[in-house]
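*Asks:* sequence first, predicted model second:
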Amino acid sequence: MLLSILREEVLAANLELVRQGLVLFTFGNASGISRKDGLVAIKPSGVPYEELTPEKIVITDLAGRVVESNLRPSSDLPTHLEIYRRFPNVGGVAHTHSESASAWAQAGRPIPCFGTTHADYFRGPVPVTAPLTPEQIEGDYELETGRAICRAFVGVDPDAIPAVLVAGHAPFTWGSNATEAAHNAVVLEFVARMAADTLRINPHAQPLARELHDKHFLRKHGAKAYYGQVAPLRASTK
Ligand SMILES: [Zn+2]
């Protein structure tokens, strides 16, 4: 069986989305990529989560051709593939219809950064895509969704903001692997809920000051990161 470790990781990421309450029925999917092999592992389409096993995870190439499986891949595969093709550092993608993040997507509004929880993970507002045109919806819908995501990141670094809201639909998140993509989906839902609560308490609430936003993001990410244990270890091996 190809890529057994990647299959295990993708399975665990899919189950984590369910465990965290982000996925109702089968409305969600996570994938991971082996850049070395140019192969993607993704949840099969419509299979109940309790029946998922590593063997049922579908392996495709970056063009969407199934390389190993008897099952069809998630119908959102073309969206995942477009993210992998355009954002070269992405190693995992997650998609859910989690309630608060999807509410922002349905409202067609980016999620402003009102606090340090958001700033720790996303170095700016979480963008929202432009609505798809009727031609895009009638055409290759899932691929066009991926293209709309990439257009929302023109001038925005996808490594610094690993999440997007697809207008009228729901969020996609990503990370260096499937585990991180699922983790970011959980954090996104949390900050989406807090942002909505913030505006409910004070409709005139202002986004976090740029300095505080950058301070929180940069102490966890990048060359000068110092939060937790990962950065000092990495620095000491250089
Ligand atoms: Zn969806």
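*Replies:* Nice, I can see it.
*Asks:* what stretches of this structure score poorly on pLDDT?
*Replies:* When residues are selected by pLDDT under 70, those of the chain lie in 229-238.
*Asks:* return the set of buried residues in the lengthiest helix in it.
*Replies:* As assigned by DSSP state H, the longest helix anywhere in the chain is helix 178-201. Buried positions in helix 178-201, judged by neighbour count with 16 or more other C-beta atoms under 10 Å: 178-196, 198. Using the backbone N, CA and C atoms, a C-beta is placed for each residue, glycine as well.
*Asks:* what is the subsequent helix or strand relative to it?
*Replies:* Next in sequence after helix 178-201, counting helices and strands by DSSP states H and E, comes helix 210-220.
*Asks:* I'd like to know which elements that following helix is packed against.
*Replies:* helix 116-121 (3 or more C-beta pairs under 8 Å, 6 or more residues apart in numbering; DSSP states H and E).
*Asks:* identify the residue nearest Ala12 in space, chain neighbours excluded?
*Replies:* The shortest distance from Ala12 to any residue other than its chain neighbours is 6.9 Å, reached at Thr179 (C-beta to C-beta, 6 or more residues apart in numbering).
*Asks:* circling back: which helices and strands sit right next to the longest helix of the chain?
*Replies:* helix 4-19, strand 28-34, strand 92-96, helix 99-107, helix 116-121, strand 163-165, strand 171-175.
*Asks:* for Thr179, see how far away the residue nearest the centre of the chain is.
*Replies:* The residue lying closest to the centre of the chain (C-alpha atoms, centre = their mean) is Thr173, at 1.0 Å. Here the criterion is C-beta to C-beta, to the nearest Å. By it, Thr173 lies 12 Å from Thr179.
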